[in-house]
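> my questions concern the predicted model and sequence given below.
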2 protein chains.
Amino acid sequence: MRFYRTAIATLSLWTCATLADSLPKEWLDQARALGYEAASSNIAYSVVESLTTEVGPRLAGTEAEALARDWAIAELTTLGFDTVAVEPFEVPLWERHIERGRIIAPAEQPLVLVGLGGSASTGDEGVRGAILRVESPEALQALPDGSAKGKIVFVDQVMGRTQDGAGYGAAVRKRRETGEQAYRLGAVGALIRSVGTSGHRFAHTGQMRRAGTSDLPVVPTAAVSGADADQLGRLLDRYDAVEVELVLTSEYLPAAQSGNVIAEIKGRTRPDEVVIIGAHLDSWDLGTGALDDGAGVGVVVAAAKALMDAMPEGPERTLRLVLFGAEEVGLIGAKAYAEAHQAELEKIVLAFESDFGAGDIWRLDHGVADEALPLIESMTTVLAPWGVIPGKPGATGGPDISVLAQAGVPVITPLQNGWDYFDYHHTPDDTFDKLERHSLDQNVGVYAAILSIALREGVFFK
Amino acid sequence: MRFYRTAIATLSLWTCATLADSLPKEWLDQARALGYEAASSNIAYSVVESLTTEVGPRLAGTEAEALARDWAIAELTTLGFDTVAVEPFEVPLWERHIERGRIIAPAEQPLVLVGLGGSASTGDEGVRGAILRVESPEALQALPDGSAKGKIVFVDQVMGRTQDGAGYGAAVRKRRETGEQAYRLGAVGALIRSVGTSGHRFAHTGQMRRAGTSDLPVVPTAAVSGADADQLGRLLDRYDAVEVELVLTSEYLPAAQSGNVIAEIKGRTRPDEVVIIGAHLDSWDLGTGALDDGAGVGVVVAAAKALMDAMPEGPERTLRLVLFGAEEVGLIGAKAYAEAHQAELEKIVLAFESDFGAGDIWRLDHGVADEALPLIESMTTVLAPWGVIPGKPGATGGPDISVLAQAGVPVITPLQNGWDYFDYHHTPDDTFDKLERHSLDQNVGVYAAILSIALREGVFFK
């Protein structure tokens, strides 16, 4: 309904007709200046280095994730946030133990694979079966009950590479459903071609739909690397039967401790009006979660710190930084946050997050009221020097923030270039050396500039 | 002494002054034509696909290497070689079992590592110790006996990326010596930064000096990926003590079966004068040996086949294709070959091999008599359309062929672009998809053109 109700008194000369209904030029200039300042800081890079080195992998519900919360509390306190606190919740904990696979016929060859989060365990003795290959989750679903008895189902769908990550949405169904579908078919195990685009021999893990519901029946399920999927395909072209052995042992605990770490810079004039920026603290267990989502943690912390430094007296509204726990295993931290803060969701003016690696932000998508579109346009104009172009409506704000969006909170998605994000996503190769520093800095600049505007009293996105 | 003694009668117009003492233009034209024809064939690519798919990894001394010999015999027989035979020999067989490592202090993190060939076994219980980091094999050697008691030595030397592979020679000492040096120092285990240039999280295996001498005392030794070496370095910068656990179990059998596969196209007029082209059939156990050395096998087989097709009556001299066994574990096949054929080494006119991946050949290095240099110059002129430039003396012909070079056999090295070869070398990532088809074809063309000249009666390289 409202996007800009006050501060009319400060209106100065408009330089652009499309901004006629929008924000004072002085605000826009200040936003850009803050962005430039923020982008020149070393904080994001050193935050990612610290988290990925001192904590490393941090699977939700483990001691490592608890260590990450301790790390975050120490880091945010040192940086000078007004309040820093943990909001705990419980998560199911699935941990992989032994994982290995090999082709056993026609000739023995090892497979590079990784269990999917929530997979059933084969036990130490493993399972063996002939491969039944299908091209898609749809083809799998079309098979009649019991039609893969004693076999190992292999869903060999290729994920496309896209700038905006659209290929992921299309591919992820395969990861979510294959285990339960294979169970329905009577298979002894299942493989998928990894949900990812890596041209190197990495298998990509990720959560099955089973998250949090360990009573949903699934077979032991793993993802093979692209190269191994190709190899299986070539063998299936050449031989009538290709047999595989899978040893996938794991443990599923119904409840373990997780938590969101929440830090605030209190608003000076409207402390009850809140802008949320988020990232997630947990990671998969294979890499050190540098891109997913160490980079996001670095970006939001650095942007908030730049704001703090530029405004020693504090912004007008409250900035709340939420480092979510347990994102990877089913947005459990986001759901816990929304539930715990249900009463105050109305007071959230805008929410956005960084959870798509460290590629350049190139578009500003939005999920706000139509009345706020000129404000989004103003923001995009501010962001033009960073190469950001006008975006699309219908944004959900990212994985964790989408839970808030569903509850009616206005969101934006500063969309990053995800061209190579899924080369690293959920693999051992998601490590600190993959960070492109220049792009990380660009992200910090964009986030700080957006915050500068969103924290102004009287700016509304719905 | 001699490089061109006959065929003066066929001399035709010289187009280039530098060739005045060299070969008939007709020969050069024929060599180029054969090269073009060879480069347009599908054989090399399909040979590599077949070997890496149907056999896959083929560690020396294993059943998989035996399967590779069977594969080679079938393939070469089908292609129409006059004779195909195996010359067997014995090799020691070191096989890895369980390999895992993790940082245990200050915080637990997994390490991506791989045992080095010949490593001692830790036993199932593994070893634990604080990291003692040194920057080079020289620094390690300088430490006094017993000065790393109870520790895990870490040699953190970085390998440089070079076009001609020179970085490998400098780096490989680390892999060969660390295990025995760490034993001398009283360490419980050792790590090296992988001998390789991969920017992805792969550890590179390779043979320790212990090859074939399992009584040389070494500690359990593994290579970590570059990213893990960086991580250890960052942790050592931040904490006084960084502790690691290594579980590296393996088995060492003193003798297992290996062999060289040898195929010939018999010479029409001088069958006792032999040109050897080689590649190696064995591979490390992690990838499918597509670049190392499936590509080499494809190149030499395809070049020989092109020659066969162009000369149904046979070349003047004999072309002998040697697919060496047991290269990776210490050039054992090459040594067996040189020993078995000692009496006839004098009759080898020229020897060369392909064992450096599938990058474009860009230079023709040589290890021939000074008198043969104009002949090398002619060859280089022939190869100019493929982008080959004049090379350097002192070439040893490649790993296996170097054994023959030491015995006085004239050799050349058609030097490939190795810029990214050590990204894949000895890792699980050495798979079929890494082949650059256009470069593979260029290699086949160059090899065929060289053969066309070298198989001419009266052409001598010493």
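In hand now; what should we look at?

> please count neighbours and contacts with C-alpha atoms only from this point.
Noted.

> what pLDDT, on average, does stretch A:45-64 get?
Averaging pLDDT along stretch A:45-64 yields 98.

> swap that for stretch A:332-340, sorry
98.

> go on, stretch A:446-454?
98.

> can I assume A:A372 sits in a strand?
No. Counting by DSSP: H, G, I helix; E, B strand; the rest coil, A:A372 is located in no strand; its state is helix.

> my guess is it contacts A:I412. True?
No. Taking contacts as C-alpha atoms under 8 Å, A:A372 lies outside contact range of A:I412: 11.4 Å.

> who's more crowded, the two?
A:I412 (27 against 21; other C-alpha atoms under 10 Å in any protein chain shown).

> ok, now how distant is the more buried one from chain B?
Remark: distance between A:I412 and chain B (C-alpha to the nearest C-alpha, to the nearest Å) = 33 Å.

> so what's that residue bridging to?
For A:I412, the beta-bridge partners under DSSP bridges are A:H366.

> restrict stretch A:415-426 to CA atoms and write it as CSV.
Extracted as CSV, the C-alpha positions of stretch A:415-426 are listed here (Å, rounded to 0.1, in the frame of the first residue of the first chain):
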residue,chain,number,x,y,z
LEU,A,415,20.0,-12.2,-8.0
GLN,A,416,23.6,-13.4,-8.3
ASN,A,417,25.2,-14.9,-11.3
GLY,A,418,24.9,-18.6,-10.7
TRP,A,419,26.6,-19.8,-13.9
ASP,A,420,29.2,-21.9,-12.0
TYR,A,421,27.5,-22.1,-8.6
PHE,A,422,26.3,-25.7,-9.2
ASP,A,423,29.8,-26.8,-10.2
TYR,A,424,30.6,-26.6,-6.5
HIS,A,425,27.2,-26.9,-4.7
HIS,A,426,27.1,-29.7,-2.1
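
> ok, and the closest non-adjacent residue to A:G394?
A:G367 (5.1 Å; C-alpha to C-alpha, 6 or more residues apart in numbering or on different chains).

> flag every residue of chain A that's near chain B.
A:53-57, A:64, A:106-110, A:200-201, A:227, A:231, A:234-235, A:286, A:428-429, A:431-433 (C-alpha under 8 Å from any C-alpha of the partner chain).

> before we move on, back to that, tell me who's in contact with the residue nearest to A:G394.
A:P393, A:G394, A:A395, A:T396, A:G397, A:A405, A:P410, A:V411, A:I412 (C-alpha atoms under 8 Å, 6 or more residues apart in numbering or on different chains).

> now, of those, which are buried?
Buried residues within the contacts of A:G367, counting neighbours by 16 or more other C-alpha atoms under 10 Å in any protein chain shown: A:A395, A:T396, A:G397, A:A405, A:P410, A:V411, A:I412.

> for those residues, which one is nearest B:K174?
For the buried ones among the contacts of A:G367, the minimum distance to B:K174 (C-alpha to C-alpha) is 49.4 Å, reached by A:G397.

> start to end distance for stretch A:385-405?
28 Å (C-alpha to C-alpha, to the nearest Å).

> for it, which residues meet the burial criterion?
Residues A:386, A:388-391, A:395-405 are the ones in stretch A:385-405 that count as buried (16+ other C-alpha under 10 Å).

> can you give me the buried ones in the longest helix along chain A?
With secondary structure taken from DSSP state H, chain A has its longest helix at helix A:166-185. Across helix A:166-185, burial judged by 16+ other C-alpha under 10 Å covers A:167-168, A:171-185.

> mind checking the SS state of A:A227?
Applying three-state DSSP: A:A227 is helix.

> what does the longest helix of chain A contact?
Residues outside helix A:166-185 that contact it (C-alpha under 8 Å, 6+ apart) are A:116, A:119, A:136-137, A:140-141, A:143-149, A:153, A:155, A:157-161, A:188-192, A:195-196, A:206-210, A:216-221.

> run through the residues that contact the closest residue to chain B within the stretch 301-450 of chain A.
When scored by C-alpha to the nearest C-alpha, the stretch 301-450 of chain A has A:D429 as its residue closest to chain B, at 5.1 Å. Listed by C-alpha under 8 Å, 6+ apart, the contact partners of A:D429 are A:F202, A:L286, A:G287, B:H200, B:R201.

> can you pick the most crowded of the residues you listed?
Top of those by neighbour count (other C-alpha under 10 Å): A:F202, with 31 neighbours.

> surely A:G165 and A:G418 touch.
Yes. Shown here, A:G165 and A:G418 form a contact pair, counting by C-alpha under 8 Å, at 5.7 Å.

> may I have the phi/psi pair for the residue of the stretch 201-350 of chain A at minimum distance from chain B?
Using C-alpha to the nearest C-alpha, A:R201 is the residue of the stretch 201-350 of chain A that sits closest to chain B, at 5.1 Å. Per-residue torsions, A:R201: phi -90, psi 70 (degrees, to the nearest 10).

> for it, which non-adjacent residue is spatially closest?
Closest residue to A:R201 apart from its sequence neighbours, by C-alpha to C-alpha, 6+ apart: B:D429 at 5.1 Å.

> what ranges do the helices span in chain A?
Ranges of helices within chain A are A:25-39, A:43-50, A:63-79, A:137-142, A:166-185, A:226-238, A:295-310, A:332-340, A:373-383, A:399-406, A:421-424, A:437-454, based on DSSP H.

> ok, the closest residue in space to A:A405 that isn't next to it in sequence - contacts?
The spatially closest residue to A:A405, leaving aside those adjacent along the chain, is A:T396, at 5.9 Å (C-alpha to C-alpha, 6+ apart). Neighbour list for A:T396: A:H366, A:G367, A:S402, A:A405, A:Q406, A:V411, A:I412, A:T413 [criterion: C-alpha under 8 Å, 6+ apart].

> contacting residues around the first one?
Just to be clear, that refers to A:H366. Counted by C-alpha under 8 Å, 6+ apart, A:H366 has contacts A:I376, A:G391, A:K392, A:P393, A:G394, A:A395, A:T396, A:G397, A:V411, A:I412, A:T413.

> what does the pLDDT read for it?
So, for A:H366, pLDDT stands at 98.

> great, nothing more from me.
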